[in-house]
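> can you look at this prediction? I've put the sequence above it.
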Amino acid sequence: MTQIQFVLFDVGNVIVRATHAITWAILEDYGIPPDVAVQFFRNEDYADFARGKLTGTEFANRLGSRHLKNSWLGYIELRAAHDAHIYIVDDVVVNLLDGLKMVKVPLAFVTTTNKWQTMREMQLIELEKRFGQVVRSHDIGKTKTDEGAWPVILKALHWQDKDPSAILLVDDALANCEAARRAGLQTHQYDPTPVVGVQKLRAALREHGLFK
């Protein structure tokens, strides 16, 4: 197994906790039926928002007219309902990142995110200032599972001419881990269960020789 020289972390459900159910509940309070409310995140416009192909205003307009079938919910209501689903920083994980920094392991973050999510994340924690570079899908035009995404990500991280197997990606989504493995990275699928997930992550980092 190649020695890990660089650790990448996902952000949502690893560094910050989020649940779509919060947004769905808010929409239901507005009178949106549950089977329609779930479409907030499950549509191609949301994916294109994450790729930076739509502005927040364009996404809100399409969301209301195409997916929620509701004409009176405006940008402010939709944005607030969206942002509420990202609700807290996981301080236990952040403390672990501090530990990695102390043993001088290079860190960066790779996240499938849109501009609303980025602004909400920055309200909660300044990752780039505190830990290292953040590569965001809306900046590079690709989500982590898109065709050709990982060469773009590695270039953004200045790792395009180095061995990808020396990178460990920590991500809660299986599809993201699978895409990274196909690109040659090592991965750890993060378990978002409180306490248990961090224990498993710490054990995995020890196995890679990053913690004693």
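That came through, no problem. Numbers count the residues shown, from 1 in each chain.
> for the rest of this, base every contact and every neighbour count on C-alpha atoms.
OK.
> contacts only, for the nearest residue to I153 once chain neighbours are set aside.
Closest residue to I153 apart from its sequence neighbours, by CA to CA, 6 or more residues apart in numbering: V135 at 7.0 Å. Contacts for V135 (CA atoms under 8 Å, 6 or more residues apart in numbering) come out as 108-111, 153, 156-157.
> repeat that for 10 Å
Residues in contact with V135 (CA atoms under 10 Å, 6 or more residues apart in numbering) are 8, 10, 108-113, 128, 152-154, 156-157.
> which residues pair with it across the strands?
V110 (DSSP bridges).
> quick check: which element contains P151?
Using DSSP states H and E, P151 sits in helix 149-156.
> using PDB, write down the CA coordinates of that helix.
Extracted C-alpha coordinates of helix 149-156, given in PDB (Å, rounded to 0.1, in the frame of the first residue of the first chain):
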ATOM      1  CA  ALA A 149     -13.600  15.200 -12.800                       C
ATOM      2  CA  TRP A 150     -10.600  13.800 -11.000                       C
ATOM      3  CA  PRO A 151      -7.900  14.900 -13.500                       C
ATOM      4  CA  VAL A 152      -9.300  18.400 -13.100                       C
ATOM      5  CA  ILE A 153      -9.400  18.100  -9.300                       C
ATOM      6  CA  LEU A 154      -5.800  16.800  -9.200                       C
ATOM      7  CA  LYS A 155      -4.600  19.700 -11.400                       C
ATOM      8  CA  ALA A 156      -6.300  22.200  -9.100                       C
END
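> what are the boundaries of the strands in the protein?
6-9, 16-18, 86-89, 107-111, 134-136, 167-171, 186-189 (DSSP state E).
> same list, the ones you listed, but as TSV with distance to E44 and mean pLDDT please.
Output for the strands of the chain, formatted as TSV (distance: least, CA to CA, whole Å; pLDDT from 0 to 100):
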stretch	distance to E44	mean pLDDT
strand 6-9	25	98
strand 16-18	20	96
strand 86-89	21	97
strand 107-111	18	98
strand 134-136	18	98
strand 167-171	22	98
strand 186-189	25	98
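> which members of the contacts of V135 are the farthest-apart pair?
Within those, E128 and V152 form the most distant pair, 19.1 Å apart (CA to CA).
> neighbour count for the two, which is higher?
Between E128 and V152, V152 has the larger neighbour count (other CA atoms under 10 Å), namely 17 against 14.
> and the more buried one, what does it touch?
Applying CA under 10 Å, 6+ apart, the residues contacting V152 are 135, 140-142, 144, 158-160.
> show me how this structure divides into domains.
The chain breaks down by automatic domain parsing into domains covering 6-17+89-207, 20-83.
> who are the contact partners of Q117?
12, 50, 79, 82-86, 123.
> right, and T118 touches R136 too?
Yes: T118 is within contact range of R136, at 8.4 Å (criterion: CA atoms under 10 Å).
> hey, what's in contact with both of the two?
11, 111-112.
> thinking again about what came up before, tabulate the contacts of Q117 (JSON lines), appending neighbour count and distance to A37.
Below are the contacts of Q117 laid out as JSON lines (neighbours: other CA atoms under 10 Å; distance: CA to CA, whole Å):
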{"residue": "G12", "neighbour count": "21", "distance to A37": "20"}
{"residue": "A50", "neighbour count": "26", "distance to A37": "19"}
{"residue": "R79", "neighbour count": "17", "distance to A37": "14"}
{"residue": "H82", "neighbour count": "21", "distance to A37": "11"}
{"residue": "D83", "neighbour count": "19", "distance to A37": "15"}
{"residue": "A84", "neighbour count": "18", "distance to A37": "14"}
{"residue": "H85", "neighbour count": "20", "distance to A37": "13"}
{"residue": "I86", "neighbour count": "20", "distance to A37": "17"}
{"residue": "Q123", "neighbour count": "9", "distance to A37": "25"}
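> sounds good, over and out.
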